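Student: A predicted structure for the sequence below; I have some questions about it.
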Amino acid sequence: MGLSLALFGLVPATASELGIDSVSNDKTALMSAARQGDAGAVARLISAGVDVNARNANGGTALMYGALGGDPAVARLLVDAGARHDFQAKLGWTALALASVKGYTAVVEVLLGAGADQRIHDAYGWTPLMRAVDRNRIGVVRLLLAAPGANLSTRQESGATVLHIAAATGHSDIVRLLVEHGADRSIEDRNGNTAAATAQSAGHTEIVEYLQSLDQPG
């Protein structure tokens, strides 16, 4: 994980680090209920006519908090009530990106089923797929690869693709999965490193040997 952070950017974990919570902590009652995974309270608030797309000072929405809470029932209630899944918070995070980095496959399924766009990237150029790969959320990775919009050649701010990220973090199962889905092994990041070179620098010998074997005849 350390090499990934050094090479490719920052993968925060809390709502504050993600830029969703604001200094004034201006969460609505719906946001709080969604974050807590309280589907009953969410349903009651929606029935009472609260604004499901209200945003706090950092752009956080109830659906984003629901994605962090990890309850698919909450996510379903919100999207059925018209919650926007394309909104981005201060650092560019969408509800789909949040659910992906947390590994909440059931929430990801709800969001993808509602038409969430995985091509939207955050302030660092990371897509939901990149975040899932970095955190070794292989269940989410499989869902995103099977859904519309998966692009394995997309680069984040340092020029890394999802294959670079998987190679840097040592997730060999995900490296193989990405290759099976057509990831381009020849793409170089801004420092001229392929995924194999990145794995070499990170000391992930198994991944290096696997990637190099793919270029050998026979």
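Tutor: Yes, it's here.
Student: Low-confidence bits of the chain, can you list those?
Tutor: 1-19, 21-25, 217-218 (pLDDT under 70).
Student: hmm, try it at 50
Tutor: Residues of the chain meeting the criterion pLDDT under 50: 1-7, 9-10.
Student: Which segments of it make up each domain?
Tutor: Following automatic domain parsing, one gets these domains for the chain: 2-123, 152-218.
Student: gap between the first one and the chain center?
Tutor: The chain centre lies 11 Å from the centre of domain 2-123; the measure is C-alpha atoms, centre = their mean, to the nearest Å.
Student: Over to stretch 172-192?
Tutor: Centroid separation for stretch 172-192 versus its chain: 18 Å, with C-alpha atoms, centre = their mean.
Student: where along the protein do the helices fall?
Tutor: 2-8, 29-35, 39-47, 62-69, 72-80, 95-102, 105-113, 128-134, 138-146, 162-169, 172-180, 195-202, 205-213 (DSSP state H).
Student: what's the closest of those to Ser153?
Tutor: Across the helices of the chain, Ser153 has its closest neighbour in helix 162-169 (8.9 Å, C-beta to C-beta). Backbone N, C-alpha and C define where each C-beta goes, glycine included.
Student: could you check the angle helix 172-180 makes with the closest one?
Tutor: Put simply, helix 162-169 runs at 160 degrees to helix 172-180, going by axes from the mean of the first three to the mean of the last three C-alpha atoms, to 10 degrees.
Student: residues contacting the spatially most central residue of the chain?
Tutor: In the chain, the residue lying closest to the centroid (C-alpha atoms, centre = their mean) is Pro128, at 2.8 Å. Residues counted as contacts of Pro128 (C-beta atoms under 8 Å, 6 or more residues apart in numbering) are Thr94, Leu96, Ala97, Ala99, Ser100, Val101, Gln118, Ile120, Val140, Leu144.
Student: Surely the fourth one is in contact with Val108?
Tutor: Yes. Counting by C-beta atoms under 8 Å, Ala99 touches Val108, with 4.9 Å between them.
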